[in-house]
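Asks: Generate coordinates for the sequence data below:
(one chain, ligands or ions: 1)
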Amino acid sequence: MSDLRHGLDRNLIDGNLVASSSGATFETLNPATEDVLGVAADANAADMDAAIAAARRAFDEDVEGWTTDVGFRARCLRQLRDAMQSHSDELRDLTIAEVGAPRFLTTLAQLDSPVEDLGYIADLAENYEGWKQDLGAATPAGVPSHRWVLREPAGVVGAVTPWNFPHQINLAKVGPALAAGCTVVLKPAPDTPWAASALAHIAATETDIPPGVLNVVNSSDHALGAMLSSDPRVDLVSFTGSTATGRKVMAAASESLKRVFLELGGKSAFIILDDADIAAAASLAAFTACTHAGQGCAITTRLLVPRARHDEIVEVAAATMAALGAGDPNDPGTICGPLISARQRDRVEDYLRLAIEEGGTFATGGGRPADRDHGFFIEPTLITGLDNSARVAREEIFGPVLTVIAHDGDDDAVRIANDSPYGLSGAVHSADIDRAWTVARRVRTGTMSVNGGVWYGGDVPFGGYKASGIGREMGVAGFEEYLETKAVATPA
Ligand code: NAD
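Replies: Okay, the predicted model is just below:
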């Protein structure tokens, strides 16, 4: 087993772990301490060009049978899973240090779940019945013919990812793309390069993934993501990040008419109906909003409460958030760690000032925790006194901030939930499961939790309606995003 500590300042291009061609590096920080952890290779346009060329060549030349041999690909993905699992202690420490991810989350979506899901995607690809589908005989235009539908790899995938759940998002793209027979250039977020360097190092040194099939290009320069979206050698760009950047990716991709897959922002509603277990629902809403300091696109950040129960719900939610506080991500009991960067903390603080300007009040929180003089921490914050027209109720804040909005019954709750540019996730709580289902169906969003049910899983499609994205990640739908469709007819 290789030692990860000596491999994190390298990119992976055409099977080689390499420094930037300019020799440049950039620092990665621990957001809980502001200490420099070390450096990553700072790729430039020439490095990205080499990575795209390698991925194109590996695909077009079917390197070692990659595009055609699903058994080989599944074996490589299981190797990758096993190798990552054998490094799980190092990867866990690295994820807590670099991402500021609370330790408890690394046993879930921050690390262990997406690594385990590589096995799911390997099984899915090997057992996929859609590779060759027999449509049977017909006589179109008087010609007796036998028709088939083939699914084939989409080609070279450019994967561009954010910093908030780096392993989850890197692997939810790389896993299905490789399983489908594509080749990949991964461009991770500059805030969390080491999560991707570790993947690159393990893939290069502990798996049989052929040269050029997986390329990992860290850079401090966002323009390298833009290169992937516009380069005609890339067939599909798979992007997760902000809606503003997603629009740029889609526009850049239009010139070469590449396929675009977008997982974007959210402003999801947690709806409490008037018959719900108020205390349980309110504390779950508060807990969810604090998780990973609110840096999750699918976190429910608007709390829609029956007007008559408003004050008691605010009391429970505020007490829960105050009790959770913001803490050291290394501590197994921490739910809310730091924000990723000073820039992100500035952005959240701007929104907290805006909440007051808009006429809101803080039922708890509202600033930096008094007991932390290092790290990019913000107190869990509950905003009250606003309606759904406030900017803090409409825009993604990406901090541990929950805005309470009163509703006047089920129809009104659905109206408010849907009165958003986004449609990524949501939750509803009611003592009556049928009533909760009715509301869940009416909210225009890609995922819904009913009475605390958890939808997250490798086999569950995840993605958004409206400005939250196009396409689905994970599950069968997430695998099929990386496939093309070919119809073939032979004489019957
Ligand atoms: P971001 O959009 O700033 O950056 C995401 C990635 O895009 C980074 O790798 C960045 O270098 C790259 N990039 C920047 N400009 C680019 C351009 N013009 N062309 C191509 N690539 C470019 O997002 P972020 O700040 O890293 O992440 C936070 C955002 O991501 C939030 O809005 C959050 O909701 C969203 N997000 C969405 C999901 C989801 O699945 N829907 C998951 C996680 C995060």
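
Asks: And the strands in the stretch 201-350 of the chain?
Replies: 214-216, 236-240, 259-263, 268-272, 300-306 (DSSP state E, counting those that start in this stretch).

Asks: got a markdown table for those strands, with mean neighbour count, mean pLDDT and distance to the ligand too?
Replies: (Glycine included, C-beta is placed from N, CA and C.) Formatted as a markdown table, these follow (neighbours: other Cβ atoms under 10 Å; pLDDT from 0 to 100; distance: least, Cβ to the nearest ligand atom, whole Å):
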| stretch | mean neighbour count | mean pLDDT | distance to the ligand |
| --- | --- | --- | --- |
| strand 214-216 | 30 | 99 | 12 |
| strand 236-240 | 27 | 98 | 5 |
| strand 259-263 | 23 | 98 | 3 |
| strand 268-272 | 29 | 98 | 10 |
| strand 300-306 | 26 | 98 | 10 |
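
Asks: mind putting the ones you listed in TSV, distance to Cys76 included?
Replies: Converted to TSV, those look like this (distance: least, Cβ to Cβ, whole Å):
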stretch	distance to Cys76
strand 214-216	9
strand 236-240	19
strand 259-263	22
strand 268-272	36
strand 300-306	37
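
Asks: can you list the residues of the stretch 51-200 of the chain near the ligand?
Replies: Counting by Cβ under 6 Å from any ligand atom, the residues of the stretch 51-200 of the chain close to the ligand are 160-164, 169, 187-190.

Asks: So of those residues, which two are at opposite extremes in space?
Replies: Asn164 and Lys187 (15.8 Å; Cβ to Cβ).

Asks: State the distance from the residue in the stretch 51-200 of the chain that the ligand sits nearest to to Ala200.
Replies: Taking Cβ to the nearest ligand atom, the ligand has its nearest neighbour within the stretch 51-200 of the chain at Pro162, 3.1 Å off. In this view, Pro162 and Ala200 are 18 Å apart by Cβ to Cβ, to the nearest Å.

Asks: what do you get for Ser283?
Replies: 41 Å.

Asks: ok, Ala286 - contacts?
Replies: 316-318, 320-321, 324, 380, 382, 402 (Cβ atoms under 8 Å, 6 or more residues apart in numbering).

Asks: Mind putting those into CSV with neighbour count, distance to Glu263 and pLDDT?
Replies: Formatted as CSV, these follow (neighbours: other Cβ atoms under 10 Å; distance: Cβ to Cβ, whole Å; pLDDT from 0 to 100):
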residue, neighbour count, distance to Glu263, pLDDT
Val316, 17, 32, 98
Ala317, 30, 28, 98
Ala318, 22, 32, 98
Thr320, 22, 29, 98
Met321, 28, 27, 98
Leu324, 22, 27, 98
Pro380, 29, 25, 98
Leu382, 27, 28, 98
Leu402, 29, 22, 98
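
Asks: which among those residues gets closest to the ligand?
Replies: Looking across these and measuring by Cβ to the nearest ligand atom, the closest to the ligand is Leu402, at 15.7 Å.

Asks: Excluding covalently adjacent residues, which one is nearest to that closest one?
Replies: Ala289 (3.9 Å; Cβ to Cβ, 6 or more residues apart in numbering).

Asks: My read is that that neighbour contacts Pro380, right?
Replies: Yes. Between Ala289 and Pro380 a contact is recorded at 7.2 Å, counting by Cβ atoms under 8 Å.

Asks: Common neighbours of the two, please.
Replies: Joint contacts of Ala289 and Pro380 (Cβ under 8 Å, 6+ apart) are 321, 400-402.

Asks: Check these one by one and keep those near the ligand.
Replies: Within the shared contacts of Ala289 and Pro380, nothing lies near the ligand by Cβ under 6 Å from any ligand atom.

Asks: farthest pair in the residues you listed?
Replies: Across those (Cβ to Cβ), the longest gap, 9.7 Å, separates Met321 and Val401.

Asks: any idea which residue of the protein is furthest from its center?
Replies: Gly142 (49.9 Å; Cα atoms, centre = their mean).

Asks: Mind pulling up the pLDDT for that one?
Replies: Gly142 is assigned 97 on the pLDDT scale.

Asks: That one and Ala109, how far apart?
Replies: Gly142 is 56 Å from Ala109, by Cβ to Cβ.

Asks: Ok, Glu315 next?
Replies: Taking Cβ to Cβ, one finds Glu315 at 30 Å from Ala109.

Asks: Tell me which of those two has more neighbours.
Replies: Shown here are Glu315 and Ala109; by other Cβ atoms under 10 Å, Ala109 has more neighbours (22 against 14).

Asks: buried ones in stretch 134-151?
Replies: Neighbour counts over stretch 134-151 (16 or more other Cβ atoms under 10 Å) mark 145, 147, 151 as buried.
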